[in-house]
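**Q** Sequence and predicted structure, then a few things I'm wondering about:
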Amino acid sequence: MSANYKHWRYASDKDHLVWLTFDKAGESTNTFSADAVAELVAILQEITAAKPRGLIFCSGKKSGYIAGADIKDFAAAQSVEDGMAIIRRGWDMFHTVAALPFPTVAMVNGFCMGGGVELALACRYRVALDDPKTRFALPEVMLGILPAWGGIKYLPKLVGPTAALDMLLSGRSVDARKAKRIGLVDACVPLRVLENAARMTALEARPPHRPPLAQRLMNSAPLKSIVASMAKKQVARRAARAHYPAPYVILDLWARYDGDPFAPPLDDPASPAALMQGETVRNLIRIYFLQERMKALGKTSDFTAKQVHVIGAGVMGGDIAALCALRGMRVTLQDQNAERLAPAMQRAAKLFKRRLRDKARIRDAMDRLVPDTAGDGVRKADLIIEAIFENLEAKRELFAALEKNARPDAILASNTSSLRLADIGTVLARPGRLVGIHFFNPVAQMMLVEVVAGANTDPTIASQAAAFARQIDKLPLPVGDSPGFLVNRVLGSYLNQAFTMVDEGLSAETVDAAATRFGMPMGPIELADTVGLDICIAAGKSLAAAGAAAGRAVTVPKKLEQLVAAGNLGKKSGRGYYEWRAGKAVKGAPGEVSEALIERLIAPYLEEAQAAVAEGIVADADLADAGLIFGTGFAPFRGGPLNYLKNQAA
């Protein structure tokens, strides 16, 4: 080629096919930064002049294909004009790809996100590696923006509006096999034939994929507005336009302007410019960077757990074990007898079936999860996680026995949610090897893991625990050894306020409506019913005892006590504050929800978050915001409780 390029490599084979490899310099992941885009534009001009038989886009990264646009560029945009210029850059580039006069193939070898999917859509064909790590997603909506480089225009035409809008409006990913089923990729093949499949796809140049007739009709002008209207009603059940405008803009742009971000005037609600003028984008991008910071906390150690031993096959322990097996570790799960282990193994089988969708992979995952009533796995484990009931003496007795039988270099971890590590570790000869790894329920879905360092915890052990959290694709949050740590301490104060308001005569529906009006994904009463009122009262009493020791009187709400005493524990028993039918709470109409009511409900949450930072339970306000967003679902569009308070004061 006539120029040396920093981010792209060029090769031509005997069939006169061009293999163009994206290998972002100095980065472990490919992203479309301004300079990478500029280079690609120049390269495409040279390739077009060479008149090859076809062009195959590859990735030079072992980690995957392309993560999308460089979010730093969006974060640095100072005006609507800056944002629209970024959109113009990608829009023009991918239209150049789509107009190339020879076959183009995206050879996807792993995760393919955002702009990576849009590059694949601009190609005539797509070939994907048949592997669990291959995922396709357009996650822009989760950042409050939209896939304006061609995703809204081309995806519905390729796979039909039903599958396309599901991806566009949710940000959810699809694996390689589902991508093949819906028509997003033309071939899904194993690694050994991936390159040859891409080569043959380019050489054969068959007619491009078209969706079924019904889906093509839904793409027609007369039906688009009807489809968009129905989709908006579904979106409204999950997110208000005032809080999360992006999905509504996506629907308007697709239905009215065929996905062209420059067709609507800047003041039209369908224009991407409408998103750039609100706080939601800024706050959701802030959360993205907080998430990246938490991921980095798991990179300070190269520890890798190959074998994990989990003690306690209840819902938490069993699901922790299943998740570790899902992520490729050999896991031994210990409890007193086979009857206690059986439900955990059944839940694991359902998780594997849901996530892996392949008989061989499901079988392999089940083989990695070994029932262990004798506790033989203790001697071989790199990491031992205790997940028994919350009783200090029981945990002390267990860890004293574990220390004698475990390898000297094995990490001893507790999943305790309310007890202090300093109290548990008094029985250990080497208390420095004890760390807290606190998961949240449901384990497979909740991204946050609190990594608890006690006064005696070795910092190296804490770093290894954070690395383990990343190994299972969780977000580690280092927290201090204090009752409730961060999340349960703040959540406990919030739930107690909600219970108190119900005791005072407000309906559960009204209290929950106040929370969702503020932006919480679920009201506190419904959340408590979902978690289990027995768990709430046990955690509440523990936190109340800690509060009393610190001079803060906390009483257990009366109705909560009455419900638990009567065996009405919430969703799992069919009745709590609500009656539950078919897994859903039966609710009446809420009463009037005023701003004063919302403020009263949220105030203890905000105050406790501030106190946790002031006491050093977390390192700073940003990490507190991250932990409470990913641990409690605090209204993401507000950027976290402390960010919300700062903006309110400004």
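**A** Looks like it arrived, so ask away.

**Q** switch to C-alpha atoms for all contacts and neighbour counts from now on
**A** Noted.

**Q** so how far is M93 from G151?
**A** 13 Å (Cα to Cα, to the nearest Å).

**Q** The two: which is more packed in?
**A** G151 (27 against 19; other Cα atoms under 10 Å).

**Q** Quick one: residues contacting the more buried one.
**A** G151 makes contacts with 117-118, 121, 138, 259, as judged by Cα atoms under 8 Å, 6 or more residues apart in numbering.

**Q** at 10 Å instead, please
**A** 91, 114-122, 138, 157, 164, 168, 254, 259-260 (Cα atoms under 10 Å, 6 or more residues apart in numbering).

**Q** after the worst-scoring helix or strand of the chain on mean pLDDT comes which helix or strand?
**A** The helix or strand of the chain with the poorest confidence is helix 533-549; it has a mean of 74 (mean pLDDT, DSSP states H and E). Helices and strands here follow DSSP states H and E; after helix 533-549, the next one along the chain is helix 558-565.

**Q** Which elements pack onto that following helix?
**A** Judged by 3 or more Cα pairs under 10 Å, 6 or more residues apart in numbering; DSSP states H and E, helix 558-565 is in contact with helix 487-503, helix 533-549.

**Q** what's the most buried one of those helices?
**A** Ranked by average neighbour count under the criterion mean count of other Cα atoms under 10 Å, the helices and strands packed on helix 558-565 are headed by helix 487-503 at a mean of 22.

**Q** any idea how far G318 is from F57?
**A** F57 is 43 Å from G318, by Cα to Cα.

**Q** should've said N283
**A** N283 is 35 Å from G318, by Cα to Cα.

**Q** tell me which residues in stretch 392-411 are buried?
**A** 392, 395-396, 398-400, 402-403, 406-407, 410-411 (16 or more other Cα atoms under 10 Å).

**Q** Please enumerate the shared neighbours of G151 and M93.
**A** Joint contacts of G151 and M93 (Cα under 10 Å, 6+ apart) are 119, 122.

**Q** Distance to M218, secondary structure and pLDDT for the buried residues of stretch 392-411 - can I get that in CSV?
**A** Shown next, in CSV, are the buried residues of stretch 392-411 (distance: Cα to Cα, whole Å; DSSP: H, G, I helix; E, B strand; the rest coil; pLDDT from 0 to 100):
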residue, distance to M218, secondary structure, pLDDT
L392, 61, helix, 93
K395, 59, helix, 97
R396, 63, helix, 97
L398, 61, helix, 97
F399, 61, helix, 97
A400, 65, helix, 97
L402, 62, helix, 97
E403, 64, helix, 96
A406, 61, coil, 97
R407, 62, coil, 97
A410, 58, coil, 97
I411, 56, strand, 98
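
**Q** contacts for stretch 24-41?
**A** Contacts to stretch 24-41, defined as Cα under 10 Å, 6+ apart, come from residues 3-8, 20, 22-23, 43, 46, 59-73, 86, 89-90, 92-94, 96-97, 112-116.

**Q** Low-confidence stretches in the protein?
**A** Under the criterion pLDDT under 70, the flagged ranges of the chain are 1-3, 544-554.

**Q** which residue is nearest the middle of it?
**A** Residue closest to the average C-alpha location in the chain (Cα atoms, centre = their mean): M447, at 5.9 Å.

**Q** Who are the contact partners of the closest residue to it other than its chain neighbours?
**A** Nearest non-adjacent residue to M447, counting by Cα to Cα, 6 or more residues apart in numbering: K474, 5.0 Å away. Applying Cα under 10 Å, 6+ apart to K474 gives the contacts 294-295, 298, 439, 443-450, 466-468.

**Q** wait, which of the residues you listed is closest to I629?
**A** For the contacts of K474, the residue nearest I629 by Cα to Cα is L448; the value is 9.1 Å.

**Q** residues contacting the closest one?
**A** L448 neighbours (Cα under 10 Å, 6+ apart): 291, 294, 438-440, 469, 473-477, 487, 626-632.

**Q** Tell me how many other residues crowd the closest residue in space to it that isn't next to it in sequence.
**A** Excluding its sequence neighbours, the residue lying closest to L448 (Cα to Cα, 6+ apart) is L475, at 4.9 Å. When counting by other Cα under 10 Å, one arrives at 30 neighbours for L475.

**Q** and L475, what does it touch?
**A** L475 makes contact with 291-298, 446-451, 466-469, 626-627, 630-631 under the criterion Cα under 10 Å, 6+ apart.

**Q** try T510
**A** T510 neighbours (Cα under 10 Å, 6+ apart): 501-502, 516, 523, 525, 588-593, 597.

**Q** Tell me which two in the residues you listed are the farthest apart.
**A** Across these, no pair lies farther apart than G588 and L597, at 18.6 Å, counting by Cα to Cα.

**Q** out of these two, which sits in the busier spot?
**A** Neighbours per residue (other Cα under 10 Å) separate G588 from L597, with L597 holding more: 16 against 11.

**Q** That one and K646, how far apart?
**A** To K646, L597 is 21 Å away according to Cα to Cα.

**Q** likewise F94?
**A** In terms of Cα to Cα, F94 sits 40 Å off from K646.

**Q** that older thread, which of the buried residues of stretch 392-411 lies closest to P222?
**A** Closest approach between the buried residues of stretch 392-411 and P222, by Cα to Cα: I411, at 62.3 Å.

**Q** What sits closest to the closest one if chain neighbours are left out?
**A** Among residues not flanking I411 along the chain, L383 sits closest, at 4.7 Å (Cα to Cα, 6+ apart).

**Q** Nearest to R327, out of the helices and strands packed on helix 558-565?
**A** Relative to R327, the nearest member of the helices and strands packed on helix 558-565 by Cα to Cα is helix 487-503, separated by 25.2 Å.
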